[in-house]
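Novice: Based on what follows, work out the 3D shape:
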Amino acid sequence: MTDRTIFQKGMAVTVPITDMGENGEGIGRTDGYTLFIKDALIGDTVEAVIIKAMKQYGFARLVRIITPSPDRVEAPCPVSRPCGGCQIQALSYEKQLEFKQNKVRSDLIRLGGFAPEEIDAVLQPIIGMEEPWRYRNKAQVPVGVIRRNGREELACGFYAGHTHSIIPCEDCLLGPEENRNILDAVLDYMRREGVLAYDENSGEGLVRHVLIRSGFRSGQTMVCLIVNAQRLPKEDRLVRALQELGVPSVVLNTNRKRTNVILGDSTRVLAGPEAIEDTLLRPDGSGVCFAISARSFFQVNPRQTEKLYGKVLEYAQLTGHETVWDLYCGVGTISLFLAPYAREVYGVEIIPEAIENARENAARNGIENAVYETGAAEEVLPAYVHKKRKEHPELSPEELVDVVVVDPPRKGCDARCLQTILEVLPKRIVYVSCNPATLARDLRVLCDGGYDLKSVTPVDQFAHSVHVETVVSLSKGEISSKPVRVEFSLEGLDTSCLLNDATYQQIKDYVLEHTGLHVSTLYIAQVKAKHGIIERECYNKAKTEGNRVPKCPPEKEKAIEEALRHFQMIPEDQGSSIPAQ
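Specialist: I've put the predicted structure just below:
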């Protein structure tokens, strides 16, 4: 090829892979042209076919590996490539950890604007897993009909990447081995009793998903069938089969809506308790016990969560005299972990059900120094400070709050939340992040507001995926007396990590690249509105009175929803059963 080579769709190329992207795709260059190639690893030389060609870069499909990377391993899962849940399973675990460590470092420097020497001085080695398999305590498995060897058959597994086509897999290597027997028992019951799988195209059929939750320390298991009905035929036979496998809790969730949201609103207990229990151990050996129902949030990798929260406890530097605020507290997992070491802990969460669960968890563990309030942190925390200052006028704001812990979703902290933290001026901040890009953005704001980075520790919660958690310790440096105005600049930031920040063109490009479908702005607006994302009303109205507005076809709706999930605009569990990260 020459400098005048025009790269086009369908062109075959040979590419050495020299880097890896945010989503684990291989990045290579040929004649100065950059290609992103799924399933290629750094160090590979591959043959690929271009599937989308832009002016400066393109996307290609891996055809074959000409020379494998020295870090490439045989992926143990036979469906790792089509499934898409484990983007980097073919990379040695040692190199996976190196990739994630570099990802955190790169984002802090490139997106946060921190000097390399500053980050290198505080960045700690990533905390990896002793055993990077069988670590997930939750599986959401779709049930459907597939065509194999010329005939249709019942199957369960996971959706192929960016589709709703089931890849049969009854033994995901990330979940407990017992899951396979459970899924076999469910399928056997369905075949024996003639129970049909749900067909999302027709809305007919019964069984939609099987949800399995496991208590790693308690040894307890819950099986929840999500069905398109109030009852199943001969439910007692299914219960008996599961109980013979040692499953104490069997529940039925009804979801009759034509939706991609997995769980419905109604849940009925078929056998045993409505929730199982599990315990997270603190470094001193004491534990926090949590009740886990079908709908409850609980960290999916409890072993690594103990390490993650242990690092939070270390960074909080508690002596028993501190007031701690846990913002984005969820069901209280972090605040209850810290409570025995503090004078008092306060949890704030905007979701009422989560606060109710947090209070129940506190009572279950006999923790009396934890207070939970429903609301936005930027409203609840200043109200607390105002009240305390009236009671103790001799105290400054920074004497009222010792430690603030934040554990926000992937979009990072709300700007008003950061503004509140900088107004309250806690002595220490512990930031728990599941997204290095938004972490970098938020740390820049906090450091510009007078805080110093003390320590940054990545934690691998999700082996074989590209996701990485990070725990950061900050303490007060020189605080300016001038007010700080928090504003976010998106320049240079990968906005695909931010809620609602994908443009219509980005969504169109994503759908075209991954499905070959062309979708209109109108169709995207309709799907966004369906998921509660506010749109301009004119997008969904006819241009002239009396005209009919075309409705988005089902296959395009699914493709758009996959794009919305990719850009973090709707939750992963809205239709996706690939292991959630």
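
Novice: From now on I want contacts and neighbour counts done on CA atoms only, so please keep to that.
Specialist: Noted.

Novice: pLDDT score for Thr5?
Specialist: At Thr5 the predicted local distance difference test score is 66.

Novice: Going forward, count from 97.
Specialist: All set: I'll call the first residue 97, so the last point we hit is now Thr101.

Novice: excluding its backbone neighbours, what's nearest Ala108?
Specialist: Across the structure, with Cα to Cα, 6 or more residues apart in numbering as the measure, the residue nearest Ala108 apart from its sequence neighbours is Val145 (4.4 Å).

Novice: Name whatever forms a beta bridge with that neighbour.
Specialist: Taking DSSP bridges as the rule, Val145 bridges to Ala108, Arg157.

Novice: Just to check, it is in contact with Val109?
Specialist: Yes. With contacts defined as Cα atoms under 8 Å, Val145 counts as touching Val109 at a distance of 6.2 Å.

Novice: So these two - more neighbours on which side?
Specialist: When Val145 and Val109 are compared on other Cα atoms under 10 Å, the one with more neighbours turns out to be Val145, at 20 against 17.

Novice: Next, count neighbours for Ile102.
Specialist: Ile102 - counted by other Cα under 10 Å - has 11 other residues nearby.

Novice: how about the nearest residue to Gln220 once chain neighbours are set aside, secondary structure?
Specialist: Distances taken as Cα to Cα, 6+ apart place Thr553 nearest to Gln220, at 5.0 Å, with adjacent residues excluded. Remark: Thr553 carries the secondary structure label strand [criterion: DSSP: H, G, I helix; E, B strand; the rest coil].

Novice: who does Thr553 bridge with?
Specialist: The partner list for Thr553 in beta bridges (DSSP bridges) reads Val567.

Novice: Verify the contact between it and Ile222 for me.
Specialist: Yes. Between Thr553 and Ile222 there is a contact at 6.0 Å, judged by Cα under 8 Å.

Novice: still on that earlier bit, can you pull the contacts of the residue nearest to Gln220?
Specialist: Residues counted as contacts of Thr553 (Cα atoms under 8 Å, 6 or more residues apart in numbering) are Leu219, Gln220, Pro221, Ile222, Ile223, Thr566, Val567, Val568.

Novice: make it 7 Å
Specialist: Residues in contact with Thr553, defined by Cα atoms under 7 Å, 6 or more residues apart in numbering, are Leu219, Gln220, Pro221, Ile222, Thr566, Val567, Val568.

Novice: domain parsing for the protein?
Specialist: The chain is divided into the following domains under automatic domain parsing: 108-168, 189-229+397-589, 234-374, 595-662.

Novice: What's the local residue count around Glu657?
Specialist: Going by other Cα under 10 Å, the residues that sit close to Glu657 add up to 26.

Novice: what does stretch 378-394 rub up against?
Specialist: Residues from elsewhere that reach stretch 378-394 (Cα under 7 Å, 6+ apart): 320, 370-377, 402, 406, 433, 457, 461.

Novice: List the buried residues of that stretch.
Specialist: For stretch 378-394, the buried set under the neighbour-count rule, 16 or more other Cα atoms under 10 Å, comprises Arg378, Gly383, Val384, Cys385, Phe386, Ala387, Ile388, Ser389, Ala390, Phe394.

Novice: and the contacts of stretch 378-394 as TSV, adding secondary structure and pLDDT?
Specialist: What follows is the contacts of stretch 378-394, written out as TSV (DSSP: H, G, I helix; E, B strand; the rest coil; pLDDT from 0 to 100):
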residue	secondary structure	pLDDT
Cys320	strand	98
Glu370	coil	93
Ala371	coil	93
Ile372	strand	95
Glu373	strand	95
Asp374	strand	96
Thr375	strand	97
Leu376	strand	97
Leu377	strand	98
Glu402	helix	98
Gly406	helix	98
Phe433	helix	98
Asn457	helix	96
Asn461	coil	98
